[in-house]
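>>> no FASTA, just this:
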């Protein structure tokens, strides 16, 4: 056995991310590591990569116990980590990124750029990527950045390569090239730990599997001994069914999308949204949902297709035009996309209405005060002083302010992209109640979410995306976590890809 991780536990304050997890890896093996978000996969691999030090447990490599493991030592031992979040420096060239921290120098200590460019070109040729190693990384598309990350891991002698969702930004052709490289590495005795939610990929390339759930080891074995349905059951597990009653208030088509596409993010997406309906889009990372949400709000240009609102073509040429057509949008990633850190609660709350009303530079304090009072009544926002910066609030209260920002427009349709991201259980409940109340008032909601309990609490219908396309549409009576995961991972596509 090449690698043995025994009884690995990891605590973050009072949260136990891993609980006595065992993981093993053989030489020349491609091992699939499975688990839902928060299962502990990345934590376990960050321990192996020397990024984190476990609270408890032992690691053996070639039967030798490894102590004081850090990133530098892991690299020397031949452990390479291709992170899901790209670790490239945008302002450096491809070659400079590939040799960052491991530059080749002459005896005089001068950088041997010619040699590094030559070696960079060799590894890029190996993975059939036509990139000039002298180009600045910022000028590359996301898929090429991902391939540069892969090239970086292949540049050096490696015993173990950890690949965390490496195909997220890759085309089908690029995925097949990557799989060819993985098979070559396997034949050379290199071991690969492959983290992915995509079932067809896991079954196509991996030998064994390990499933984690809630920080615990659930199962390990060979892919040849299980089906995709069984793998999905292991992944999801048995959860208590939520019996919350959900009434449907949908009637008549309000918005219709016909064969809309946006570059390589999503293709030929068609759907209808009814008045008073909560229509959920779900799937896994890289399925194009984020870009779809932005396109429906005019923040990203469609490359083909049309959207109709009340039988009239919707003008998607600008966000302002979409807003004035009766559509509001709550963006995902509140800290990056929604809050304006140096502005007060008052100003953050009023910014969308100021744009909507076409203000000419004059802002009414009286209007801001009224918005704030409405916000407090609607979502129980707890604020010491609304003149303070929004960053003085808790995450849940920040999110309530941002939601209220959009509700102030009185829109016909709201696009909610991960509305409960980074909020506590109590705030989540209030947001779910708000969504259901809006539906009762015949307001339509397009909800983008990856959380099944959320989908179950508020959704009327659920569109499951896979690789930028609609894989299936489920009515509420068909909702189940296992079924959604089955389609989100593309398990029904086995044999087609």
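Yes, it's here. Since this is a predicted model, take the numbers as computed values, not measurements. Numbering: from 1, shown residues only.
>>> does residue 213 have beta-bridge partners, and which?
Residues in a beta bridge with residue 213, per DSSP bridges, are residue 216.
>>> Strands of the stretch 251-400 of the chain, start to end?
For the stretch 251-400 of the chain, the strands defined by DSSP state E, counting those that start in this stretch cover 251-262, 266-275, 278-282, 304-309, 312-313, 327-330.
>>> ok, and what's touching the third one?
Taking Cβ atoms under 8 Å, 6 or more residues apart in numbering as the criterion, the residues outside strand 278-282 that touch it are 271, 273, 289, 292-293, 435-436, 439, 444-450, 455, 458-465, 484, 488. Placement of C-beta: from N, CA and C, glycine included.
>>> and if you look at the first one?
For strand 251-262, contacts defined as Cβ under 8 Å, 6+ apart pick out 266-277, 288, 291-292, 295-296, 300-310, 314, 412-413, 442, 444.
>>> on that earlier part again, in helices, which of the contacts of strand 278-282 fall?
Taking DSSP state H, the ones among the contacts of strand 278-282 that sit in helices are 289, 292, 293, 435, 436, 439, 455, 458, 484, 488.
>>> Of these, which is the most crowded?
Counting neighbours by other Cβ atoms under 10 Å, the top entry in the ones in helices among the contacts of strand 278-282 is residue 292, with 28 neighbours.
>>> That one reaches residue 268, doesn't it?
No - at 11.8 Å, residue 292 does not count as touching residue 268 under the criterion of Cβ atoms under 8 Å.
>>> Please tell me the pLDDT value assigned to residue 140.
On pLDDT, residue 140 comes in at 85.
>>> For it, give me its contacts.
94, 131, 148 are the contacts of residue 140 under Cβ under 8 Å, 6+ apart.
>>> now the stretch 351-497 of the chain, which segments are flagged as low pLDDT?
Within the stretch 351-497 of the chain, the ranges that satisfy pLDDT under 70 run 358-363, 394-395, 422-426, 495-497.
>>> how does this structure divide into domains?
Annotated domains of the chain cover 3-236, 251-493 [automatic domain parsing].
>>> Now do the end-to-end distance for the first one.
In other words, domain 3-236. By Cα to Cα, to the nearest Å, the extent of domain 3-236 from end to end equals 27 Å.
>>> Also the last one?
Using Cα to Cα, the gap from the first to the last residue of domain 251-493 comes to 33 Å.
>>> gap between that domain and the chain center?
For domain 251-493, the gap between its own C-alpha mean and the chain's C-alpha mean amounts to 16 Å (Cα atoms, centre = their mean, to the nearest Å).
>>> that older thread, give me the subset of the contacts of residue 140 that lies in helices.
Using DSSP H, the contacts of residue 140 in helices are 94, 148.
>>> Which residues outside stretch 366-374 are in contact with it?
345, 346, 347, 349, 350, 353, 383, 386, 404, 408.
>>> of all these, which two lie farthest apart?
353 and 383 (18.0 Å; Cβ to Cβ).
>>> ok so, going back, worst mean pLDDT among the strands of the stretch 251-400 of the chain?
Per-stretch mean pLDDT for the strands of the stretch 251-400 of the chain is lowest at strand 327-330 (a mean of 92).
>>> which helices and strands sit right next to it?
helix 289-296, helix 395-407, strand 413-417 (3 or more Cβ pairs under 8 Å, 6 or more residues apart in numbering; DSSP states H and E).
>>> Take these and lay them out in TSV including distance to residue 193.
Below are the helices and strands packed on strand 327-330 laid out as TSV (distance: least, Cβ to Cβ, whole Å):
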stretch	distance to residue 193
helix 289-296	27
helix 395-407	33
strand 413-417	31
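>>> Go through these and name the closest to residue 136.
helix 289-296 (24.0 Å).
>>> which strands and helices sit next to that closest one?
By 3+ Cβ pairs under 8 Å, 6+ apart, helix 289-296 packs against strand 251-262, strand 266-275, strand 278-282, strand 327-330, strand 413-417, strand 444-448.
>>> mind checking which of those strands is nearest residue 29?
Each of the helices and strands packed on helix 289-296 has some distance to residue 29 by Cβ to Cβ; the shortest is strand 278-282, at 32.3 Å.
>>> and the angle for the closest one with strand 251-262?
Note on geometry: by axes from the mean of the first three to the mean of the last three Cα atoms, to 10 degrees, strand 278-282 and strand 251-262 are set 30 degrees apart in direction.
>>> State the paired neighbours of strand 278-282 in the sheet, together with their directions.
Paired with strand 278-282 in the same sheet, following DSSP bridges, are strand 444-448 (parallel), strand 461-466 (parallel).
>>> Save these as JSON lines, and put in mean neighbour count too.
Formatted as JSON lines, these follow (neighbours: other Cβ atoms under 10 Å):
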{"stretch": "strand 444-448", "mean neighbour count": "24"}
{"stretch": "strand 461-466", "mean neighbour count": "23"}
